[in-house]
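Enquirer: Provided below for reference: sequence and predicted model.
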Amino acid sequence: MEFEDLRKKYPNFIYKNYKIFEDESKIYIEYNFEIENLSKFNPKIEILKKNFKFKNINSNIVKNMVFNFGMIEAISYFKATCSTNFIIECGKIDSFQENWFRKLFYLGLGEFRYKNNIKISEKDFIKFISNGEEIEIDGNEESLDGFVVPVGGGKDSNVTLDILKNYKDKTLAFNIGSKFVPMECARIAGFKDDEIIEVKRTIDKNLLDLNSKGLLNGHTPFSAIVAFITYLISYLLNKKYVILSNESSANETNVNGENINHQYSKTIEFENDFREYAEKYLKANVEYFSLLRPISEIQIAMIFSKLEKYHKVFNSCNVGSKEEPWHWCLNCPKCLFVYIILSPFLYKEKLLNIFGDDLFEKENLLKTFIELCGYGETKPFECVGTFDEVKFAISKTIEKIEKENKELPYLLKYYKENFEMFNQNLLEYYNNNNNVPEEFEKLLKERLENIKG
C-alpha cells in the first residue's frame, strides 16, 4: 500500500506503556506499541549487569529516561504505516517536546521518505497526542565522573577508544547486534570483559512480518537510539560523559538541494538538539558530545592508519557485519569508501592485507565510485565522508602511485581522466563548531600533532 492509503487506513499509532525491571544478571526494558487495527509490538532491551553497580532503576529520573527512549524506539514501528496520530497513553509531553520529536521523526526518516517517495511537510508529518500523566522529577545534583563510549567496531570508534585509553576512568557501551567486532576492538583497546557493558536490542517479529508483506520500510535514525540508551546507562553508572565518534563529515546531505541525510542523528544539529533536550527534560547531569566532531574523515583515517593492532579486526561493512564470520563484502559503498579514505596512508600492500582485494581494480564499483566523488545523482546512503574528503584521498593516492612510476588501477585511472585533482589540504582542517570539553579536546589535539610529527 502507498503512504497516503496507509495513513487513512491506520491513522493511529499508540505508545501504550513501558516497564523496567531487573533480576540478578540483567536490567530489562520493555515497550508496548500498537498500530491500531493492524498489529501490536513488544520490543525489548537487555543490559547485562556483570559486576557493574547500577543506581536504583525505580527512580523517577530513570523512568522518565525510559519513557523518552521509548519515543525513539517507536520510530522503527511507526514507520510501517506513518500513522497521522502518535498517541501517548503512558506519559505527557509539552509543545516544545512535540516539536522536538516531530523534527527528529521527520529528518531522521529523511532517507526513508526519499526512497519511499513520500512528499509531505514536517508540520503535517505527525501529530502527537499525549494522554498520560507527567513524570515529576528533580534534577540530578550528584557528582559524576568517567565516560561511556558506544562502539560499533569501525575505524572512528577505535580512534576514540585509543585516544581515551589513558584517561583516568573508562567504561564501554556497545550494541550487541554485531557482537564479535566491538568486543574484540574493546579488548584490543585494553578493556577487560567485565569493563564492557553489553546491550541487546530485540526487534519485535511482528514488525518483520509487516515488512515482508510490503508495508513501508527503510532507514531509521539509529544513532538517536544510541544517544538515549547510552545516556541512560551513563546515568545508571554515575558516568559524567557519553562520548560519541561522529565527525564533521556527517553534516553533509545525500541529496543536493534537500535536507536528506542518512547520518542525520550523527550531525552537529542533532547533537546540539539532544544536548538541549537532555538538559531540559532528562535532568541527569550527563554530558553528551562527539570527540571527533572537530576533525574530518581523512584525519581520522590518518590516525587510524597508525593503529595497526585494530586493522585485522575492525569492520564498517553493514553487509558483512551481519553475517558470521564477519567480513568485508567488497561490493558496497561503505567498503569502497573505507578503502578510499585509508588509501593515502596504506595503499597498497597494507590495504590488501585488510580487505583481501584491490577495490580500485573493481570495474563493477564504478557507479558507486562516481557517487562517492560527488558526480552522481545522490551521495550513497551510507555513513561515508564528504565529496571533498573522497576527492582529496583519491588525489593523494594518485600522486603517491605516480611518484613511484607505477600504473594507476582502474578506478583511479578513471578519476584522473575524467575529474580534476583536489588540491586543498584537508589534513589541517579543524572545526570549532563542536561541544568537546577542554580536557578531551587537549587529548585530540595532542594525537593530531603526534601523527603529523
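Expert: Noted; the coordinates are in hand.
Enquirer: look at the residue sitting furthest away from the middle of the chain and give its secondary structure.
Expert: Here the centre of the chain is the reference, and by Cα atoms, centre = their mean the most remote residue is N405, at 40.4 Å. Under DSSP: H, G, I helix; E, B strand; the rest coil, N405 falls in the coil class.
Enquirer: element containing I45, please.
Expert: Using DSSP states H and E, I45 sits within strand 44-48.
Enquirer: same deal with G153?
Expert: Using DSSP H and E, no helix or strand contains G153.
Enquirer: got the end-to-end distance for stretch 152-172?
Expert: From the first residue to the last, stretch 152-172 extends over 11 Å; the measure is Cα to Cα, to the nearest Å.
Enquirer: in stretch 389-407, what counts as buried?
Expert: For stretch 389-407, a neighbour-count test (16 or more other Cβ atoms under 10 Å) marks E389, V390, K391, F392, A393, I394, S395, K396, T397, I398, I401 as buried. Where C-beta positions appear, they are placed from N, C-alpha and C, glycine not excepted.
Enquirer: same question for stretch 411-428.
Expert: Buried residues in stretch 411-428 (16+ other Cβ under 10 Å): L411, L412, Y414, Y415, K416, F422, L426, L427.
Enquirer: list the contacts of the nearest residue to the fifth one once chain neighbours are set aside.
Expert: Computed as Cβ to Cβ, 6 or more residues apart in numbering, the closest residue to K416 that is not its neighbour in sequence is I398, at 5.8 Å. Listed by Cβ atoms under 8 Å, 6 or more residues apart in numbering, the contact set of I398 reads L408, L412, Y415, K416, M421.
Enquirer: from the buried residues of stretch 389-407, which land in strands?
Expert: Among these, no member is found in strands (DSSP state E).
Enquirer: now, which of the residues you listed sits nearest Y347?
Expert: Y347 lies nearest to T397 out of those, by Cβ to Cβ, at 5.4 Å.
Enquirer: any idea how far K322 is from the closest one?
Expert: 29 Å (Cβ to Cβ, to the nearest Å).
Enquirer: same check on Y339?
Expert: In this view, Y339 and K322 are 19 Å apart by Cβ to Cβ.
Enquirer: the two: who's more crowded?
Expert: More neighbours surround Y339 than the other of Y339 and K322, with 24 against 11 (other Cβ atoms under 10 Å).
Enquirer: related to what we said a few turns ago, walk me through which strands the strand holding I45 pairs with, and which way each runs.
Expert: Its sheet considered, strand 44-48 pairs with strand 26-35 (antiparallel), strand 196-202 (antiparallel) by DSSP bridges.
Enquirer: those: lowest mean pLDDT?
Expert: In terms of mean pLDDT, the lowest-scoring of the strands paired with strand 44-48 is strand 196-202 (a mean of 91).
Enquirer: name the residues of it that are buried.
Expert: Using 16+ other Cβ under 10 Å as the test for burial, strand 196-202 gives I196, I197, E198, V199, R201.
Enquirer: now stretch 33-43
Expert: Neighbour counts over stretch 33-43 (16+ other Cβ under 10 Å) mark F33, E34, I35, L38, S39, F41, P43 as buried.
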